[in-house]
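S.K.: need coordinates for the following:
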Amino acid sequence: MFNNRFILVTTLAAGMFVFTGCSGEENQEQAKPASEENNAENEEQKQSEEVSEADFIIKAAPQKIDHIHGIGYPGNDEGLYVASHHGLKIFKDGQWLETTDENHDYMGFQAFEGGFFASGHPAEGSDLKNPLGLVKSTDKGNTLEKIAFYGESDFHFLSASYKDDVLYLINEEPNSELERGVYVSKDRGGAWELVELNGLTANSLGMIAVHPEKGGTIAMSTREGIFVSNDYGKTMERAGDYQMVTAAAYSKGALYIAPVVNEEIKLIRLSIEQGNAGEEVTIPNLKYDNPITYIAADPEQEDRIAFITILNDLYETEDGGKTWNQLLVNGRIE
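M.R.: Residues are numbered from 1 along each chain as shown. The predicted structure is shown next:
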């Protein structure tokens, strides 16, 4: 099945950050209970991590981002993460931030409750192998944990459940363990199973979206529409009669898709219970040559949604689409 299909769109990258509080007290001559000693140690660690964050995350310089490989809301930060060819940019508290180190070319960027998963290529001068394989960060990008296929594969198409242990990937080239195809892991990358995709009648494969709390519920965007599954992709059904769906993302309560309808770029909210019941979300006018490439829905805030276009126009709403704030114009940070 996979050999007769082609990939619809390219993907993402990865995110970073480090956050904690601080405190410190001088040692007392009087012996402290063990609980107090542990608290003091924890506070010292927090203080150290805060210093690390100040060095690692700074206000972003004016720049133009040419290659964006994904967006998302990692659960260990409140910012919107933008994964680019040269590391992360983070929009938080009304300003743009960027990382000073570990600026890898992250692909397949996927936020989850504890941080992010990604693939891609290491930054110039890094001692990491190329490609990165499947990696994970739980300290907002300061370090990467090697999960699988390190030095073997670059996965452009990854997807992860926000809370569950479920991961999906599209493997475009065989590696030491996997042939070409779509795979699922139910233990966060330990073991992989081929996804059957029975009922997927499209001639293309696209991005995979996973429900944040139900890892067996997925959607795949294709040139022929959006296909959904509730059994880890074993059986797929088309939702609605949409054509050319370029991006998809789940919130807890809905599936957001970006179809092209009569040469108009749309954002549609599909009911999870009634997959064919679509409601159009009002968005800023987009030209036909500027389709939506990535959608992010914040699992912790149902009405917080962002999308970015192929020309790197980034929009975010915090009220379910009633109002939108444009955060990037053609990728420019002013």
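
S.K.: can you give me the helices for this protein?
M.R.: 34-56 (DSSP state H).

S.K.: ok, residues contacting stretch 173-191?
M.R.: Stretch 173-191 is contacted from outside by 1-3, 134, 136, 147-149, 152-153, 165-172, 192-195, 197, 205, 208, 215, 232-233, using CB atoms under 8 Å, 6 or more residues apart in numbering. (C-beta placed from N, C-alpha, C; glycine too.)

S.K.: from those, keep the buried residues only.
M.R.: 2, 134, 136, 147-149, 152-153, 166-171, 192, 195, 197, 205, 208, 215, 232-233 (16 or more other CB atoms under 10 Å).

S.K.: tell me what the closest residue to residue 155 other than its chain neighbours is bridged to.
M.R.: The shortest distance from residue 155 to any residue other than its chain neighbours is 3.9 Å, reached at residue 119 (CB to CB, 6 or more residues apart in numbering). For residue 119, the beta-bridge partners are residue 107 (DSSP bridges).

S.K.: burial count for residue 119?
M.R.: 31 (other CB atoms under 10 Å).

S.K.: which residues are in contact with it?
M.R.: 106-108, 131-135, 153-156, 158.

S.K.: out of the residues you listed, give me the one that has the most neighbours.
M.R.: residue 106 (35 neighbours).

S.K.: how close does that one sit to residue 100?
M.R.: 16 Å (CB to CB, to the nearest Å).

S.K.: ends of stretch 299-319, how far apart?
M.R.: 14 Å (CA to CA, to the nearest Å).

S.K.: residue 164 and residue 218 touch, don't they?
M.R.: No. With contact defined as CB atoms under 8 Å, residue 164 does not count as touching residue 218 (11.3 Å).

S.K.: pLDDT weak spots in the stretch 151-300 of the chain?
M.R.: The model of the stretch 151-300 of the chain has pLDDT under 70 over residues 275.

S.K.: inside strands: which ones of the contacts of stretch 173-191?
M.R.: Using DSSP state E, the members of the contacts of stretch 173-191 that fall in strands are 134, 136, 147-148, 167-171, 193-194, 205, 208.

S.K.: number of nearby residues for residue 55?
M.R.: Residue 55, neighbours per other CB under 10 Å, totals 11.

S.K.: please apply the same query to residue 268.
M.R.: 21.

S.K.: was I right about residue 272 contacting residue 254?
M.R.: Yes. If you go by CB under 8 Å, residue 272 and residue 254 touch, sitting 6.2 Å apart.

S.K.: what about those two, which has more around it?
M.R.: More crowded of residue 272 and residue 254, by other CB under 10 Å: residue 254, with 21 against 18.

S.K.: find the nearest non-adjacent residue to the more buried one, please.
M.R.: Using CB to CB, 6+ apart and skipping residues adjacent in sequence, the residue nearest residue 254 is residue 269, 4.8 Å away.

S.K.: same deal with residue 264?
M.R.: Among residues not flanking residue 264 along the chain, residue 288 sits closest, at 7.3 Å (CB to CB, 6+ apart).

S.K.: returning to that earlier point: looking at residue 164 and residue 218, which one has more neighbours?
M.R.: residue 218 (28 against 19).

S.K.: which residues does the more buried one bridge with?
M.R.: Going by DSSP bridges, residue 218 is paired in beta bridges with residue 210, residue 229.

S.K.: just checking, it touches residue 212?
M.R.: No. Counting by CB under 8 Å, residue 218 stays clear of residue 212, with 11.7 Å between them.

S.K.: that older thread, what count of nearby residues applies to the residue nearest to residue 264?
M.R.: Neighbours of residue 288 (other CB under 10 Å): 10.

S.K.: for residue 262, see how far away it is.
M.R.: On the measure of CB to CB, residue 288 and residue 262 end up 10 Å apart.

S.K.: one more: residue 207?
M.R.: Per CB to CB, residue 207 is found 22 Å from residue 262.

S.K.: give me every residue that touches the residue nearest to residue 254.
M.R.: Shown in contact with residue 269 (CB under 8 Å, 6+ apart): 254-256, 278-281.

S.K.: ok, residue 130 to residue 169 distance?
M.R.: From residue 130 to residue 169 the distance is 18 Å (CB to CB).

S.K.: scratch that, residue 211
M.R.: Residue 211 sits 17 Å away from residue 169, taking CB to CB as the criterion.

S.K.: with residue 153 instead?
M.R.: According to CB to CB, residue 153 stands 9 Å off from residue 169.

S.K.: what do those two both touch?
M.R.: With CB under 8 Å, 6+ apart, residue 153 and residue 169 have common neighbours residue 134.

S.K.: which residues sit in contact with the residue sitting nearest the centre point of the chain?
M.R.: With distances taken as CA atoms, centre = their mean, the residue of the chain nearest its centroid is residue 110 (2.7 Å). Residue 110 sits next to 12, 70, 72, 116-118, 158-160 when contact means CB under 8 Å, 6+ apart.
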